[in-house]
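> How does the following fold in three dimensions:
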Amino acid sequence: MKVGVTLPTFSPDAGAVLDAARGAEAAGLHGVFSFDHQWPLGHPERPSLSVHPVLGAVAAVTEAIGVGTLVARIGILPDEVLVASIEGLRAIAGDRVIAGLGTGDEASEPEHIRYGLPYLGVASRLERLRAVVERLRAAGIETWVGGGSAATNLMAQAVGATLNLWDASPERIARTVAKSSVPVTWGGPVPGSAGEAASQLRNLGEAGATWAVWAWPSSLERVCEAAALAGVELGGAGRQ
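Prediction:
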């Protein structure tokens, strides 16, 4: 199993994000990821750094760690711009890029309304997502799909994209892995203690998850301690 973290992008401090990415690479984590939100969910008064410029800068100041979106949402950018943005990131980071993509849901709809962005129906968003995923996979870019609904999960399998489940229980991961023909990754909040986090890693690994991506923690040291307790090898940053 590989371990990553999301970056602290719900802040106007871009320097802190770059420091976090450097710290994650130095700690031997396998990947850093960025959300694609106009603000933290439920808090429109707070800032959020734009995902693609952030990851371009992160790729430029790191050397080996995986760099990815988790997830870039259909409808925030025109599809052509989304594809070009990820291909541009690949030009900087090479094969370190992981393109996490998703349709979004009702929780993100207010962001579209506030900024006058299109918010299409589920079927339209899923159709556009499939087209973008197919293009990126054809270009040789590792692609994850933010899953959950049966239709999205089936689409990910049909196009051969890795399926990512957010804050899913190990039991749900195991059920999904048992039915899936593609790899399954996990993302979610980090538990309160290193021991709890280590237990979560062990359970996710036993369930078949190939990645665990924690939301930005209060301490990278706790992430490393949890990985050590769980027997997850760090130190070889990047996708191998």
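> show me where this structure has strands.
2-6, 31-34, 66-73, 97-102, 142-146, 162-166, 184-188, 211-214 (DSSP state E).
> Which elements pack onto the longest one?
Meaning strand 66-73. Packing contacts for strand 66-73, counted by 3 or more CB pairs under 8 Å, 6 or more residues apart in numbering; DSSP states H and E, involve strand 2-6, strand 31-34, helix 51-61, helix 79-93, strand 97-102, strand 142-146. (Each C-beta comes from the backbone N, C-alpha and C, glycine too.)
> and the gap between residue 190 and residue 70?
14 Å (CB to CB, to the nearest Å).
> In terms of neighbours, single out the busier of those two.
residue 70 (27 against 21; other CB atoms under 10 Å).
> Model confidence at that one, what's the number?
Predicted confidence (pLDDT) for residue 70: 97.
> my guess is it meets residue 5, correct?
No. In this structure residue 70 lies outside contact range of residue 5 using CB atoms under 8 Å: 10.1 Å.
> For those two, list the residues in contact with both.
33, 213 (CB atoms under 8 Å, 6 or more residues apart in numbering).
> What residues does the residue nearest the centre of the chain make contact with?
Centroid-nearest residue in the chain: residue 70, 2.5 Å away (criterion: CA atoms, centre = their mean). Applying CB under 8 Å, 6+ apart, we find residue 70 in contact with 6, 33, 34, 35, 100, 144, 146, 164, 187, 213.
> before we move on, the earlier item: ok, which of the strands of the chain comes nearest residue 85?
Closest of the strands of the chain to residue 85 is strand 66-73, at 7.8 Å (criterion: CB to CB).
> Let's see the closest one as CSV, backbone CA atoms only.
Once non-C-alpha atoms are left out, strand 66-73 reads as follows in CSV (Å, rounded to 0.1, in the frame of the first residue of the first chain):
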residue,chain,number,x,y,z
GLY,A,66,3.4,11.6,-6.9
VAL,A,67,1.4,14.7,-7.6
GLY,A,68,-2.3,14.5,-8.2
THR,A,69,-5.8,16.0,-8.2
LEU,A,70,-8.3,14.5,-5.7
VAL,A,71,-10.5,15.2,-7.5
ALA,A,72,-10.7,17.6,-10.4
ARG,A,73,-14.4,18.2,-11.0
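> That strand - which strands sit beside it in the sheet, and in what orientation?
strand 31-34 (parallel), strand 97-102 (parallel) (DSSP bridges).
> Need the contact partners of the shortest one.
It refers to strand 31-34. With CB under 8 Å, 6+ apart as the criterion, strand 31-34 contacts 2-7, 9, 20-21, 24-25, 49, 51, 54-55, 58, 62, 65-70, 98, 100, 187, 211, 213, 239.
> Nice, that's everything, thank you.
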